[in-house]
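S.K.: after the sequence you'll find the predicted model.
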Amino acid sequence: MTKVFVDADACPVKDEVYRVTGRLGIQVVVVSNGWLRVPDTPLIERVTVSDGLDRADDWIAERAGPGDVVVTTDVPLAHRCVTAGARVLAPTGRAFTEQSIGNDLATRNLLTELRDTGEIRGGGRSFTKQDRSKFLQALDTALQQIRRTGR
């Protein structure tokens, strides 16, 4: 049975996930390091993991697999989930795939190094309405493909 796992602590598209999965009758697992309010429905499960680096990531990576979707901005988590056969989407609607994940990791590591050395300052770009729209379409497309193919 398909599940959507949400790396929820800083996820800006939780409401969109609830809307799409609710329409399709798909289970959602919202995983965070702290308590989060989620809609009261049997289709949504809230999991609060213990404090600690990457605990939510570990919980998701241990459970996500073929036929599941993971929503995260965390590239190392995306890599683990893609390797396990899950579909992985960023909140911008961008898919992490077997073909892109190596490049994604290399870019993430380079940017981390540049930030650590002070070469880059400041955060990334703002999250936009277009990002939200792209995410809605990407999630719906991914879930419809899984329904048709089972993967």
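M.R.: Alright, I've got the coordinates.
S.K.: mind listing what's buried along the longest helix along the chain?
M.R.: When the chain is parsed with DSSP state H, its longest helix is helix 129-149. Buried residues in helix 129-149, counted by 16 or more other CB atoms under 10 Å: 131, 132, 134, 135, 136, 138, 139, 140, 142, 143, 146. For every residue, glycine as well, the C-beta is placed using N, CA and C.
S.K.: how near is residue 18 to residue 82?
M.R.: Separation of residue 18 from residue 82 (CB to CB, to the nearest Å) stands at 24 Å.
S.K.: just the residues contacting the longest helix of the chain, thanks.
M.R.: Outside helix 129-149, the residues that touch it by CB atoms under 8 Å, 6 or more residues apart in numbering are 2, 4, 12-13, 16-17, 19-21, 24, 26, 67, 69, 71, 87, 89-95.
S.K.: ok, now stretch 44-57?
M.R.: Here stretch 44-57 makes contact (CB under 8 Å, 6+ apart) with 7-9, 18, 27-36, 38, 58-59, 72, 74, 76-77, 80.
S.K.: ends of it, what's the gap?
M.R.: End-to-end distance for stretch 44-57, by CA to CA, to the nearest Å: 18 Å.
S.K.: what's the average pLDDT for that stretch?
M.R.: Averaged across stretch 44-57, pLDDT comes to 91.
S.K.: what are the buried residues along that stretch?
M.R.: In stretch 44-57, counting by 16+ other CB under 10 Å, buried: 44, 46, 47, 48, 49, 56, 57.
S.K.: how many other residues sit next to residue 91?
M.R.: Other residues lying near residue 91 total 24 when counted by other CB atoms under 10 Å.
S.K.: residue contacts, the residue nearest to residue 72 when sequence neighbours are not counted?
M.R.: Once flanking residues are discounted, residue 72 sits nearest to residue 7: 3.8 Å by CB to CB, 6 or more residues apart in numbering. For residue 7, the contacting residues are 31, 56, 57, 60, 70, 71, 72, 73, 74, 77, by CB under 8 Å, 6+ apart.
S.K.: could you work out the most separated pair of the residues you listed?
M.R.: 31 and 73 (13.7 Å; CB to CB).
S.K.: so where do the strands sit in the chain?
M.R.: Ranges of strands in the chain, per DSSP state E, are 3-7, 27-32, 44-48, 69-71, 87-89, 95-96.
S.K.: can you check the pLDDT for residue 127?
M.R.: Residue 127 is assigned 92 on the pLDDT scale.
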